[in-house]
Every structure is written in structure tokens, then in C-alpha cells.
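how would this look folded up:
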Amino acid sequence: MRKLQIPVGIQLFTVRQAAASDFKGVVRELARMGYAGVEFAGQYGNMEPAELASFLTETGLQACGQHVSVDDILNPGSRAYAYAKALNCPWLTTSGAGLVDKDWAGAIARYQKAGATAKANGCVFTYHNHAQEFVRINGVYAEDLLIQQTDPSEVQLELDTFWIRRGGPDPVAYIAQFPGRVPQIHLKDMHPITCEFVEVGTGLMDLRGIFQVARRVGAKWVIVEQDLCRGPELESARLSIENLKKEGLA
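Numbers count the residues shown, from 1 in each chain. Below you'll find the predicted structure:
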């Protein structure tokens with residue numbers, strides 16, 4: 001079976017409890033499992049940027065993103081930019097839970113400003129969706145308003161398969177609409193009956209279709225994330241990458 005050559009990373013939020021007690025041990029174990037990269041979400045193992053970069057080099061892993069606050073992205077002096085530079089990883093990602101119902105127009109304007117700030121400082125802003133962005137505003141998905149009303153050279157997307165599906169659209173068809181604008185895809189799987197988070201390859205997601213569309217839109221990374229694990233976090237991470245390997249996708 002031919003591999004669909006897109007590197008597979010993991011969002012460290014998946015293993016946040018394990019990483020809180022043994023960050024280096026957990027990251028080394030993720031590398032041994034076969035992940036190619038890690039995306040950070042607030043945990044850096046209490047390491048300064050240069051030390052973290054050296055540690056990742058030791059493990060053979062790459063950094064495939066940082067999920068940070070929009071305030072950090074708007075502030076060129078924030079540590080997010082120092083980590084981005086040291087890790088040679090341009091993507092700075094944020095999300096806006098609850099903002100669709102509050103002031104989506106204002107949020108979009110703020111994300112545009114964040115995108116311009118990131119670009120001016122050698123980084124790339126990506127917006128991570130949840131289900132809320134698939135509420136319709138005057139007949140249009142809130143996510144689509146964000147996409148239509150921002151500069152694609154400054155506001156890119158980290159599209160999340162689980163939350164797209166939870167919001168309504170088919171993830172493969174939705175992602176296919178945005179070639180050149182989706183450098184990162186979050187790969188989550190969904191239980192076909194309960195709609196709960198499950199390990200990649202044990203739910204209803206069309207894995208091959210997701211990797212195929214990732215190639216078509218020019219994604220640089222497919223990133224495994226499981227918001228809640230039913231068992232030990234590292235075992236969930238292991239099962240997800242092993243299922244991708246069985247399918248020839250990692």
C-alpha cells in the first residue's frame with residue numbers, strides 16, 4: 001500500500017497529564033512510537049527556547065506548531081516568537097471558543113491583526129476551529145466568514161477533522177475547498193454512535209480521504225490530537241500512530 005507522504009505529528013495536549021510529570025520521557029517515547037513532530041500547547045518542559053530546540057534535535061522530532069493565546073501572537077515580544085525562532089517552526093495557532101456567539105466580527109478583525117503581526121515577525125498565524133464555527137450567520141458558516149474576510153497570506157487554517165464533523169460538514173469535502181491555506185490538519189477520530197473522542201483508526205473518520213485531501217491542499221503536517229483519552233494517554237497516542245502505520249499513512 002503506497003504511503004501518502006505527509007509527516008504525522010502529535011499535539012502534546014493529548015498527553016498533557018503524562019508530560020506534566022515527565023516531559024522529556026514522554027516526548028522521547030512519542031519519538032520511539034514513530035511520530036515525526038510535536039505541537040506544543042503551553043508545556044515546554046520548563047526549558048528555554050534554545051534548550052528545547054537542542055532536546056528536540058536529540059529526539060529526532062520536529063516542532064510542527066504552537067497553540068498559544070491570541071494576545072501572545074499580537075505581542076512580538078512574547079515567548080511564543082522566541083520558541084518559534086529557536087525551533088524553526090513558523091506556525092502560531094489560536095482558537096476562539098465562545099466568540100462566535102459574542103462578537104465574531106470583532107474576533108475576525110483581531111485575528112486579521114494577529115495574522116499581520118505574525119507575518120511581520122517571520123511567523124504564520126493559523127486559526128484552529130471547533131464546532132462553534134459551523135453555526136450559520138445569515139446563512140454562512142462562521143468559519144467561512146473568517147476565511148472570506150481575512151487575507152490568506154496572513155491568516156491560515158489549522159482545520160480539525162473532529163470538530164468539522166461535529167459541526168456538520170464532511171471533513172474531507174470541507175478541507176478540499178481551501179488549497180494553499182491549510183498547512184496543518186488536526187486528525188481526531190469520532191465514535192460512530194456516541195460521537196466521543198476515540199483513538200485514530202477506531203472511529204468513523206475517512207483516514208485515507210483525509211490524507212489524500214491533505215496532499216491536495218498542500219498541508220505540511222497531519223497532527224494527531226485526542227482531547228480526552230479513555231485510557232492511559234501514552235497508550236492512546238501509541239494506538240493512533242500504530243493504526244496509521246497499518247494503513248500506510250505514517
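
my reading is that Gln43 lies in a strand. Confirm?
No: under the criterion used here (DSSP: H, G, I helix; E, B strand; the rest coil), Gln43 is coil, not part of a strand.

identify the residues contacting it.
Leu12, Arg16, Ala19, Ala20, Phe23 (CB atoms under 8 Å, 6 or more residues apart in numbering). To be clear about C-beta, it is placed using only N, CA and C from the backbone, and glycine gets the same treatment.

how near is the fourth one to Val26?
The one in question is Ala20. 9 Å (CB to CB, to the nearest Å).

more neighbours: the two, which one.
Val26 (23 against 11; other CB atoms under 10 Å).

just give the closest residue to the more buried one, not the sequence neighbours.
Among residues not flanking Val26 along the chain, Ala19 sits closest, at 4.5 Å (CB to CB, 6 or more residues apart in numbering).

which of the helices or strands spans Glu231?
One thing to correct before we go on: residue 231 is Gly, not Glu. For Gly231, there is no host helix or strand (DSSP states H and E).

Pro179: neighbour count?
Neighbours around Pro179, by other CB under 10 Å: 12.

quick one: the strands in the protein, in order.
8-11, 37-40, 62-67, 91-94, 124-128, 136-137, 140-141, 155-160, 184-187, 189-190, 197-198, 221-224 (DSSP state E).

residue nearest the centroid of the chain?
Residue closest to the average C-alpha location in the chain (CA atoms, centre = their mean): His186, at 4.4 Å.

separation between that residue and Trp163?
8 Å.

the top helix by length along the chain vs strand 155-160, what angle?
Longest helix in the chain, counting residues (DSSP state H): helix 99-120. Angle of helix 99-120 versus strand 155-160, following axes from the mean of the first three to the mean of the last three CA atoms, to 10 degrees, is 130 degrees.

taking strand 124-128 as reference, get the angle to helix 99-120.
Counting by the same axes, to 10 degrees, helix 99-120 points 160 degrees away from the direction of strand 124-128.
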